[in-house]
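In: sequence first, then the predicted structure, then my questions.
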Amino acid sequence: MTQPPLLDIKDLTVEFRQGRRTSPLRAVDTVSLSIAPGETVGLVGESGSGKSTIGRAVLGLNRVHSGQVHFEGRDVTHASSRLRRGLSARLQVVFQDPYSSLNPARTIGQTLAEPLLAHGKPRKQEMRDRIAEMLSRVGMPADTADRYPGQFSGGQRQRIAIARALMPEPRLVICDEPVSALDLSIQAQVMNLLADLQRDLDLSYLFIAHDLPVVRHLSHRIVVLYRGQVMETGPAATLYDDPVHPYTRTLLAAVPQPDPTAQRARTAQRGTATTVSAPAPAGCVFAHRCPHAVDLCRRERPPLLPLPDGRAAACHRTAELHPHAKARQSQPHTVRKHS
Amino acid sequence: MKQPTTPSAPRSRNRRPLIRRVLVRPAGALSLGWLVLLTVATLAAPLLTTHGPLDQDLGHVLSGPTADHLLGTDNLGRDLLSRLLFGGRSTLLAVGEALAVFLALGVTLGLASGFLGGWVDWLTVRTADLLFALPGIIIVLVVLSVFPGNLHAAMITFGVLGSPGIIRILRSQTLGIREELYVAAAKVAGLTRQQILRRHILPRLISTVIVQAALFAAIVVTIQAGLGFLGLGAQPPDPTWGGLVADASQALDRAPWMLVPSGIPLVLTVLALGSLGDAVRDAATEGWSVSRMTAPTDAPRTVRDDRRPAGTVTTNSTRSGTSALLSVRNLSIDIGGVPVVQEVSFDIAPGETVGVVGESGCGKSVTSLGILGLVPGGGRVAQGQVLFDGTDLVASPAARTQVRGTGIAYVSQEPMVALDPMFTVGRQLGEAVRRHERCDRREARSRVTELLDMVNIPDPAAVAGRHPHQLSGGMAQRVAIALALAGRPKLLIADEPTTALDVTVQAEILTLLRNLQADTGMAVLIVTHDWGVVADLCHRAVVMYAGQVVEAADVEEMFARPLHPYTAGLLAANPHRAREGEPLPTIPGTVPAPRDWPSGCRFAARCELADDRCAEPVTLTEPAPDRLSRCVRSQQLLAEGTS
């Protein structure tokens, strides 16, 4: 089963200048990942992990410092604005903040028509039908098109933002924290909607979020980021149920379980340490917070090594800490598996 | 208002055109009426008056209004109405010219500067700053001395000199709008720069442009009149409004009437321009500038027969045996005359942690602030009691002030808001310490260190010397908690204290709160939407829906066997409990806005179990010991849960 990936990111590095004197901030550091048609890849990490920056770089909203982004086999790393316009039909986005992502001064119909304008002017009736169809698909009433965003709640706005992304029938949708700003009951509605749309339209998602259970529910594979680097990647179920990397374990252990008995047992073991942010200059970026860190970890950055069960982790001590998941090869390897 | 039945074309707006919307506003109709009348009258001047503007009638100099001269005559017997109307032509022309230059330069350069940035921005801003430094009126006078009597040159110059103001305003607004996500979405949609400018940026700027244009037009009218007054515009004997005022001022002692026809139109025109600007702005944005609180839903407003239906459990029977530290009794809160919290009752025992759970719009935060008498948005506590250590804080504002900080402390979701960016952490904590305790500086300082130590800040001395912006989010929340602890409170109210934090930092803060509670014995009221936080920290939970308590119970009981469909739905919607490959259980619909609360069960419209009984008001009952539920089926849910 060797379907070519829809999106293929190789050694992506994004830097932000911070003024003239200081060295640039490396927000994304040699990240590689790929998404197959119809697949959802979850991108998880805390604030500052660079997860949103990766999404924005794929969309051409952030400049790529080095590395390549291939979409449908074509290099789009530094795509011209004309090429971008062509891509927009197949590569779309849903942002986190449903309040800022819709222009309050334009009707929903005007907003939804936009993605089609870049590809020639469709006839009015055609456009109208398409908008009505899209709105009903995301569960909004037909008269939505004539209203302004101010008349809708956060969850409804997010449905509209999803409808806008789907207007040109894209193949890949970058979902940048699409449910983080929503209430629990609405979050579940929108997550189900995304899953239904994927099944019906054969969409791929790059699903960016900080909430592991949310990512776990929607993704086929998960990539865990910390300080711009990939810590661990693998099939969602394996990674969630049996994390290899100490950072993934820390992250999972920190998520409070909605079960008082289980949660009390977990908190009893939890330490009282305060996270001190001390950047590691040369070694593993997680070393200063890692309970298993040894000298090697502070000296050398661990490569992302593939494991036999289809995963990969960037940790020097994987073999010791996880004897069952022994590293297969010793040289660095970009992660691309569609098994 | 508007209820289109069929989806219409995306570009068409199913509402009245702008001009109609301006005209329905009295100010808009009046000011537009005046300006139209003025324009038509000046254009049709030869038809409206039989006298030419230069015709002298030396038999009737400085006369008041007569049948022949409707507005009287000046010192040469010239008809004032005629001079006013012919003079108005040059005024309107001047306004038109200056405004055209002002807008053409201002809008183009303001947009380009803000949107493109780079050298375009640099050059525009520098040039605009340079023009700011020039004294406008003097430049206009210089231009008039080069082109004597050439009002066109003067007005074009004035338009150029006026444009830096609007350039800078539009530039800064564009800078803000450029970063909005909908602009990013438009880029992803493949729109060109021009399309983004036209579709997204300009519509947001339109109200600013209109107001600025109206203000500028009013200034041009006065400047043009001033030039006429000084004799620098059109040369006498040609009529100008300014010239009329000049003539009138010279004959002030002999014919004071003359000032009326020459001055009043000037004043009215300036006023009309100002209020027309406001009216057009309001009309242009009325469609979308709907405040979120009052977002209309088309559901008919139901008439509520509230005020405590018979049989309501008015006291919270849970923990009635123990003496509560805080006892909220039938608390109702109104904001803007609309009830947003109704008859909320719960108790907190000393050392207990109670979670208030629910989605946004259910009144959890308002309730927590209402306890402290800090209802936001101009709201007020409409009825009920907040008994803290036996004192009613609602009835006694003095007790409320006394209790803040020392009895009850508050930690908000956003720690950066709680901390003053101007002062160091140590100084802010020291201030709080000295507010609550009599001590000298040194004692205060050691107490500050102790407080920072209590919240597990690794290097208290160093952190005390920092300003809030130098702290990470988690560190800032620790400092905010230290600040709350300064008065040794018996109750800490924490409103979503970990929502803005990363999950690993959240875990640390939750551990901190638990340890602090163990050490100090204080009670905690935590407002949250996260069941994980409730499970982690709380002994008891109160679930709120649409301003009411719908369920209250010990957390173990509640998680195991929710007795209200809303609690059950909210628990099930949590992705933690998701089954692989299956859709998440959801609650259809959304929380109704306070204006749309039905008279019956407020959750009925979203509830699978709803039946006829739910159309009637539902009271809070106690289906099991220490458990409250506002559901007609609570007994049934209890039986199903145990079976």
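Out: Arrived safely.
In: look up the closest residue to residue B:22, ignoring the ones flanking it.
Out: Spatially, and ignoring its direct neighbours in sequence, residue B:22 is nearest to residue B:28 (4.1 Å; CB to CB, 6 or more residues apart in numbering or on different chains). C-beta coordinates here come from the backbone N, C-alpha and C atoms, glycine included.
In: contacting residues for that neighbour?
Out: B:22, B:275-276, B:279-280, B:283 (CB atoms under 8 Å, 6 or more residues apart in numbering or on different chains).
In: check residue A:99 too.
Out: Neighbours of residue A:99 in contact, by CB under 8 Å, 6+ apart: A:149, A:154, A:157.
In: inside helices: which ones of those?
Out: Counted as lying in helices by DSSP state H, out of those, are A:154, A:157.
In: can you list the contacts of residue A:99 in CSV and add pLDDT and distance to chain B?
Out: Converted to CSV, the contacts of residue A:99 look like this (pLDDT from 0 to 100; distance: CB to the nearest CB, whole Å):
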residue, pLDDT, distance to chain B
A:149, 88, 7
A:154, 83, 8
A:157, 89, 11
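In: quick one: the residue lying closest to residue B:232 once chain neighbours are set aside from residue B:223, how far?
Out: Of all residues not flanking residue B:232 in the chain, residue B:144 sits nearest, at 5.1 Å (CB to CB, 6+ apart). Separation of residue B:144 from residue B:223 (CB to CB, to the nearest Å): 12 Å.
In: out of those two, which sits in the busier spot?
Out: residue B:223 (22 against 19; other CB atoms under 10 Å in any protein chain shown).
In: secondary structure element holding the more buried one?
Out: helix B:202-229 (DSSP states H and E).
In: now for that helix, which elements pack on it?
Out: Judged by 3 or more CB pairs under 8 Å, 6 or more residues apart in numbering or on different chains; DSSP states H and E, helix B:202-229 is in contact with helix B:80-116, helix B:136-146, helix B:151-178, helix B:241-250, helix B:259-285.
In: give me that answer again for 7 Å
Out: Judged by 3 or more CB pairs under 7 Å, 6 or more residues apart in numbering or on different chains; DSSP states H and E, helix B:202-229 is in contact with helix B:80-116, helix B:151-178, helix B:241-250, helix B:259-285.
In: how far off helix B:80-116 does the last one point, in degrees?
Out: Here helix B:259-285 runs at an angle of 30 degrees relative to helix B:80-116 (axes from the mean of the first three to the mean of the last three CA atoms, to 10 degrees).
In: then the shortest one?
Out: Helix B:241-250 and helix B:80-116 meet at an angle of 130 degrees, taking the same axes, to 10 degrees as the criterion.
In: looking at chain A, which helix is longest?
Out: Chain A, longest helix under DSSP H: helix A:184-201.
In: close to chain B, is that one?
Out: Yes: for helix A:184-201, a contact with chain B is found by CB under 7 Å from any CB of the partner chain, at A:184-186, A:188-189, A:191-192, A:195.
In: residue ranges with poor pLDDT in the chain?
Out: Reading this off chain A. Applying pLDDT under 70 to chain A flags residues A:1-2, A:270-280, A:324-339.
In: oops, chain B please
Out: Low-confidence segments of chain B, defined by pLDDT under 70: B:1-16, B:287-322, B:642-643.
In: strands of that one, residue ranges please.
Out: Remark: strands assigned in chain B by DSSP state E are B:326-335, B:338-348, B:353-357, B:380-388, B:391-392, B:408-411, B:491-495, B:523-528, B:540-545, B:548-554, B:621-624, B:627-629.
In: adding distance to chain A and mean neighbour count, write those strands out as a markdown table.
Out: Formatted as a markdown table, those follow (distance: least, CB to the nearest CB, whole Å; neighbours: other CB atoms under 10 Å in any protein chain shown):
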| stretch | distance to chain A | mean neighbour count |
| --- | --- | --- |
| strand B:326-335 | 18 | 21 |
| strand B:338-348 | 16 | 23 |
| strand B:353-357 | 9 | 26 |
| strand B:380-388 | 26 | 19 |
| strand B:391-392 | 33 | 16 |
| strand B:408-411 | 17 | 24 |
| strand B:491-495 | 15 | 23 |
| strand B:523-528 | 10 | 25 |
| strand B:540-545 | 10 | 26 |
| strand B:548-554 | 9 | 24 |
| strand B:621-624 | 17 | 17 |
| strand B:627-629 | 15 | 24 |
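In: and of the contacts of residue B:28, the nearest to chain A?
Out: residue B:283 (13.4 Å; CB to the nearest CB).
In: is it true that the closest one touches residue B:24?
Out: No: at 8.2 Å, residue B:283 does not count as touching residue B:24 under the criterion of CB atoms under 7 Å.
In: who's more crowded, those two?
Out: residue B:283 (22 against 11).
In: once you drop chain neighbours, what's closest to the more buried one?
Out: Once flanking residues are discounted, residue B:283 sits nearest to residue B:21: 3.9 Å by CB to CB, 6+ apart.
In: can you report how many residues lie near that neighbour?
Out: Residue B:21 has 18 nearby residues by other CB under 10 Å.
In: dump stretch A:59-76 to CSV, restricted to CA.
Out: C-alpha atoms of stretch A:59-76 as CSV (Å, rounded to 0.1, in the frame of the first residue of the first chain):
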residue,chain,number,x,y,z
LEU,A,59,-0.4,27.6,4.0
GLY,A,60,2.3,30.1,3.0
LEU,A,61,1.4,32.5,5.8
ASN,A,62,4.8,32.1,7.4
ARG,A,63,8.1,32.1,5.5
VAL,A,64,10.0,28.9,5.5
HIS,A,65,13.7,29.2,6.5
SER,A,66,14.8,25.8,5.2
GLY,A,67,13.3,22.4,4.3
GLN,A,68,10.6,21.5,1.8
VAL,A,69,6.8,21.3,1.7
HIS,A,70,5.4,19.1,-1.0
PHE,A,71,1.6,19.1,-1.7
GLU,A,72,0.2,16.6,-4.2
GLY,A,73,3.7,15.9,-5.2
ARG,A,74,4.5,19.5,-6.0
ASP,A,75,7.1,21.7,-4.2
VAL,A,76,5.1,24.5,-2.6
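In: centre of the chain to that stretch, how far?
Out: Centre-to-centre, stretch A:59-76 and its host chain are 15 Å apart (CA atoms, centre = their mean, to the nearest Å).
In: where do the helices of chain A begin and end?
Out: Secondary structure of chain A, counting by DSSP H: helices at A:51-58, A:81-87, A:108-117, A:124-137, A:154-166, A:184-201, A:212-218, A:236-241, A:246-254, A:260-269, A:295-299, A:318-321.
In: would you format those as CSV with mean neighbour count included?
Out: What follows is the helices of chain A, written out as CSV (neighbours: other CB atoms under 10 Å in any protein chain shown):
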stretch, mean neighbour count
helix A:51-58, 24
helix A:81-87, 15
helix A:108-117, 24
helix A:124-137, 17
helix A:154-166, 24
helix A:184-201, 20
helix A:212-218, 24
helix A:236-241, 18
helix A:246-254, 21
helix A:260-269, 15
helix A:295-299, 15
helix A:318-321, 15
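In: minimum distance to residue B:130: which of the ones you listed has it?
Out: Distance to residue B:130, taken as CB to CB, is lowest for helix A:81-87 among the helices of chain A, at 33.2 Å.
In: list the contacts of the closest one.
Out: Residues outside helix A:81-87 that contact it (CB atoms under 7 Å, 6 or more residues apart in numbering or on different chains): A:60, A:71, A:76, A:79, A:118, B:190.
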